[in-house]
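Visitor: Coordinates for the following, if possible.
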Amino acid sequence: MARLTDAKCRKCRRAKDKLFLKGDRCFTPKCAIIRKPYAPGVHGKKTSRGLSEYGTQLAVKQKIKRLYGVMERQFRKHFDDIKHKPGLVGDNFISRLERRLDNTVYRAGLAASRMQARQIVNHGLIAVNGKKVTIPSFEVRIGDEISANATKKNNNYFVNLEQALKNKKDFPAWINFDPKTMAAKITADPKREDVGINLDTQLVVEYYSR
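Guide: Next up, the predicted model:
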């Protein structure tokens, strides 16, 4: 099944929240949520009817899928992988999504968006513990180090990024970034509050438990 590539701003407006799908643009007045804070479509401004319980669960699931850019089959696989692990299923699920390599690359500031992170991983620009990894869904763990692939460090992409990362301060608590080596080390498991967006993951648990 082909990856969904429809307008990113429409996804945010449908989710009624910023999903930060367009990088720096999301932090400017050009953001669609600021300019058009209502659902897309000709009836977007008139939509007021409340959702059913199932509809609410589905809406949250779709919101999280769009946030991480994951297709349904892989999204469900991530859920199945963690549903029997100790702890709260919803929290474990978000932690697993956050620990995808493409998301970690984005969180470390090595890409402006998750889509861009997925592209540079696919193109072999990223290494985990010194070894090239080209699988965006690769699961990083505590102690792993994410950096530019040694053969790509002089790529213009990383040369231009170096100065911006020296000034970056808003790294998540679970990532320790060293601007001298341009490497990010995973120091803890991500928590729900690290996402920066309000997500009721219990609704996803309920959706898949139907």
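
Visitor: contacts, neighbours, all on C-alpha from now
Guide: Noted.

Visitor: What distance do you get for the spatially most central residue of the chain to V105?
Guide: Nearest to the centroid of the C-alpha atoms of the chain, with distances taken as CA atoms, centre = their mean, sits Y68, at 3.8 Å. Computed with CA to CA, to the nearest Å, the distance linking Y68 and V105 is 12 Å.

Visitor: Kindly report the same for R66.
Guide: R66 is 17 Å from V105, where distance means CA to CA.

Visitor: more crowded one of these two?
Guide: Comparing R66 with V105 by other CA atoms under 10 Å, the one with more neighbours is V105, at 26 against 19.

Visitor: May I ask which helix or strand encompasses the more buried one?
Guide: Assessed by DSSP states H and E, V105 sits inside helix 101-107.

Visitor: And the next helix or strand past that helix?
Guide: helix 114-122.

Visitor: Show me what counts as buried in that next one.
Guide: Within helix 114-122, the residues scored as buried using 16 or more other CA atoms under 10 Å are 114-121.

Visitor: now these in CSV, with pLDDT?
Guide: Conversion of those to CSV gives the following (pLDDT from 0 to 100):
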residue, pLDDT
R114, 95
M115, 94
Q116, 95
A117, 96
R118, 96
Q119, 96
I120, 96
V121, 97
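
Visitor: And this structure, what are its domain boundaries?
Guide: The record's domain split for the chain, according to automatic domain parsing, is 8-97+197-208, 101-186.

Visitor: rank those by pLDDT, which is bottom?
Guide: Per-stretch mean pLDDT for the domains of the chain is lowest at domain 8-97+197-208 (a mean of 80).
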